[in-house]
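**Student:** no sequence on this one, just coordinates:
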């Protein structure tokens, strides 16, 4: 399944800046950054639950915001994009 993860971590403190780095690192392990605080991830149900648990365990729910959006398939049919696109489609042949 394709999942869009967005987050807004309060960085007014050093703990907040640390949480922000941790959230980004976890998201990078599962997908790719498409905007500063937005990741697109392709995961199965078990990976989704693990990812969700890790991120919920990192944030401070009193000051941070974390959202998960499950994207319907096929991805390209439901996403409209304008401007610079950093998305890499891993289903397409990889040419180096």
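**Tutor:** Structure received. Here the structure is a predicted model, which is why all the values come from computation and not from measurement.
**Student:** distance between the helix or strand bottoming out on mean pLDDT in the chain and the chain's centre?
**Tutor:** The least trusted helix or strand in the chain, going by mean pLDDT, DSSP states H and E, turns out to be helix 75-78, with a mean of 73. In terms of CA atoms, centre = their mean, to the nearest Å, the centre of helix 75-78 is found 17 Å from the chain centre.
**Student:** Which residues does that helix contact?
**Tutor:** Residues outside helix 75-78 that contact it (CB atoms under 8 Å, 6 or more residues apart in numbering) are 2, 71, 72. Just so you know, the C-beta spots here come from the backbone N, C-alpha and C atoms, and that holds for glycine as well.
**Student:** ok, which stretches of the protein are helices?
**Tutor:** 14-30, 45-58, 75-78 (DSSP state H).
**Student:** circling back to that earlier point, identify the residue with the minimum pLDDT among the contacts of helix 75-78.
**Tutor:** Within the contacts of helix 75-78, pLDDT reaches its minimum at residue 72, with 81.
**Student:** Just want the most central residue of the chain.
**Tutor:** For the chain, the residue nearest the mean C-alpha position is residue 39 (2.8 Å; CA atoms, centre = their mean).
**Student:** follow-up on the earlier one: of the contacts of helix 75-78, keep whichever come out buried.
**Tutor:** 2, 71 (16 or more other CB atoms under 10 Å).
**Student:** and which of the contacts of helix 75-78 is nearest to residue 80?
**Tutor:** Nearest to residue 80, judged by CB to CB, of the contacts of helix 75-78 is residue 71 at 12.4 Å.
**Student:** In contact with that closest one, which residues?
**Tutor:** 1, 2, 3, 4, 40, 78, 79.
**Student:** Among these, name the buried ones.
**Tutor:** So, by 16+ other CB under 10 Å, the buried ones in these are 2, 3, 4, 40.
**Student:** As CSV, those residues with distance to residue 59 would be great.
**Tutor:** Rendered in CSV, the data for the buried ones among the contacts of residue 71 read as follows (distance: CB to CB, whole Å):
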residue, distance to residue 59
2, 22
3, 16
4, 17
40, 19
